[in-house]
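Student: Could you look at this predicted model? Sequence included:
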Amino acid sequence: MRRTYLGEFEELVLLMITILDGHAYGVTVSQEIEQHTGRLVAFGSVHNTLIRLEEKGFVTSELGGATTERGGRRKRFFKITALGKNALTDIQQLRNKLWNLMPDDTLKLSGI
C-alpha cells in the first residue's frame with residue numbers, strides 16, 4: 001500500500017487539531033500555531049491545509065451551531081481520524097529514527 005506523506009505545515013496543522021481536541025476550526029488553528037511556534041500564518045493557508053487533510057482522510061469536519069458573533073454563520077470544527085493519528089505516529093517515528101542516526105558530534109560542530 002502506498003503511504004501518504006505529510007508536509008511540514010500539514011503536520012503542524014494536524015498536531016494542532018489533535019491538541020485542540022474537538023475545538024479546532026480555522027481561526028483557532030491559526031492562532032495556536034502562531035502562539036506556539038512564533039510563525040505567522042495566513043488564514044487561507046490553514047484553510048487550504050484543512051481541506052487537503054480532509055481529502056486525504058486525516059481529519060473529519062462538522063458544522064457547529066450558528067453564533068451571533070459570526071453574523072449567524074456556523075464554524076466548521078475538525079477532528080483527527082485514526083488514519084491521521086497513524087500519519088502523525090509514522091512521521092514522529094521517522095524523525096526520531098533519522099535524529100538517532102546523526103553522529104553525536106554533528107550537532108556540536110554546527111553550534112546546535
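Tutor: Cool, got the structure.
Student: Identify each buried residue in the host helix or strand of Phe77, please.
Tutor: Per DSSP states H and E, Phe77 falls inside strand 74-80. The neighbour-count check on strand 74-80 (16 or more other CB atoms under 10 Å) flags Lys75, Arg76, Phe77, Phe78, Lys79, Ile80 as buried. (Glycine included, C-beta is placed from N, CA and C.)
Student: Rebuild the residues you listed as TSV, extending it with distance to Gln93 and pLDDT.
Tutor: Below are those laid out as TSV (distance: CB to CB, whole Å; pLDDT from 0 to 100):
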residue	distance to Gln93	pLDDT
Lys75	33	85
Arg76	31	90
Phe77	28	94
Phe78	24	96
Lys79	23	97
Ile80	17	97
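Student: Mind putting those into TSV with distance to Glu55?
Tutor: Below are the buried residues of strand 74-80 laid out as TSV (distance: CB to CB, whole Å):
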residue	distance to Glu55
Lys75	20
Arg76	14
Phe77	17
Phe78	13
Lys79	15
Ile80	15
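Student: pull the helix or strand with minimum mean pLDDT from this structure.
Tutor: Among the helices and strands of the chain, helix 104-110 carries the lowest confidence by mean pLDDT, DSSP states H and E, at a mean of 65.
Student: tell me how far the ends of stretch 64-79 are from each other?
Tutor: For stretch 64-79, the separation between the terminal residues is 13 Å (CA to CA, to the nearest Å).
Student: what do you get for stretch 18-30?
Tutor: 14 Å.
Student: what about the strands in the protein?
Tutor: Listed in chain order, the strands of the chain (DSSP state E) span 59-66, 74-80.
Student: Show me the one of these that comes nearest Val46.
Tutor: Closest to Val46 of the strands of the chain is strand 74-80 (CB to CB; 10.3 Å).
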